[in-house]
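Chemist: Pasting the sequence and the predicted coordinates here, then a few questions.
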Amino acid sequence: MKVAAIHIAPGRRLPVKSVDAVAAEAGRGLVGDRYYGTKHRHVTLQSREQLDDAAERYGRDIDSAGTRRNVTVDEGVIPTKPGTRLTIGDVELEVIRMSAPCRILDDEIGPGAMRALSQRTGSVCRLLTSGTIRVGDEVRVSAQTGG
């Protein structure tokens, strides 16, 4: 599994920006993103494969930027079990919870998108180490420590 896209947004409902790399600060978040400095919601992850599955149910393409998630991987299923640890490049993250779809998806993508994306919107993670996350970085599930 590899990073296929990275998106950040400076504020709620402000347009997301596609970037090739982003600085990740342990305990803080992605520099320049709306959730930077929050207690636990540092990074959101989703899978292109799961988006394509949702698009098939929805009946049209779903752009990874439209979901407003930070990191999109190219394939596979994003772990949602709290405590699961992942590594992106040299940055370590821990899953906090599943990233539930919200009504903004219907506004950004179109009516019915929220329902099509149910159970396919990835995870919310906190950053355990600092570094840079880049498009093309390998993503590894390294351990499951929580329950």
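Modeler: Okay, I see it.
Chemist: so which strand or helix has the residue nearest to the spatial centre of the chain?
Modeler: A centroid search over the chain (C-alpha atoms, centre = their mean) returns L45, at 2.0 Å, as the residue closest to the centre. Secondary structure from DSSP states H and E places L45 in strand 43-47.
Chemist: so where is this protein shaky, pLDDT-wise?
Modeler: 58, 62, 100-120, 143-147 (pLDDT under 70).
Chemist: hang on, the residue nearest to the centre of the chain packs against N70?
Modeler: Yes: under the contact definition of C-beta atoms under 8 Å, L45 touches N70, with a separation of 7.1 Å. From N, CA and C alone the C-beta is placed, and that goes for glycine too.
Chemist: quick one: contacts for the residue nearest to the centre of the chain?
Modeler: Neighbour list for L45: 69-73, 78, 86, 93, 99, 122-123, 125, 139 [criterion: C-beta atoms under 8 Å, 6 or more residues apart in numbering].
Chemist: Equivalent analysis for D90, please.
Modeler: For D90, the set of contacting residues under the criterion of C-beta under 8 Å, 6+ apart consists of 129, 131.
Chemist: Ok, A9 next?
Modeler: Applying C-beta under 8 Å, 6+ apart to A9 gives the contacts 15-17, 33-34, 68.
Chemist: The residue lying closest to T67 once chain neighbours are set aside: how many residues sit nearby?
Modeler: Of all residues beyond its chain neighbours, the one nearest T67 is Q46 (6.1 Å), with distances taken as C-beta to C-beta, 6 or more residues apart in numbering. Q46 is flanked by 26 other residues according to other C-beta atoms under 10 Å.
Chemist: Would you confirm that Q46 contacts G66?
Modeler: No: counting by C-beta under 8 Å, Q46 does not reach G66; the two are 10.8 Å apart.
Chemist: so the residue nearest to the centre of the chain bridges to which residues?
Modeler: Taking DSSP bridges, one obtains V71, S123 as the residues bridged to L45.
Chemist: and the longest strand for this protein?
Modeler: strand 91-98 (DSSP state E).
Chemist: and the angle from that one to strand 43-47?
Modeler: Angular relation of strand 91-98 and strand 43-47 on a 0 to 180 degree scale: 80 degrees, by axes from the mean of the first three to the mean of the last three C-alpha atoms, to 10 degrees.
Chemist: Buried residues, strand 91-98. List them.
Modeler: Taking 16 or more other C-beta atoms under 10 Å as the basis for neighbour counts, the residues of strand 91-98 that come out buried are 91-96, 98.
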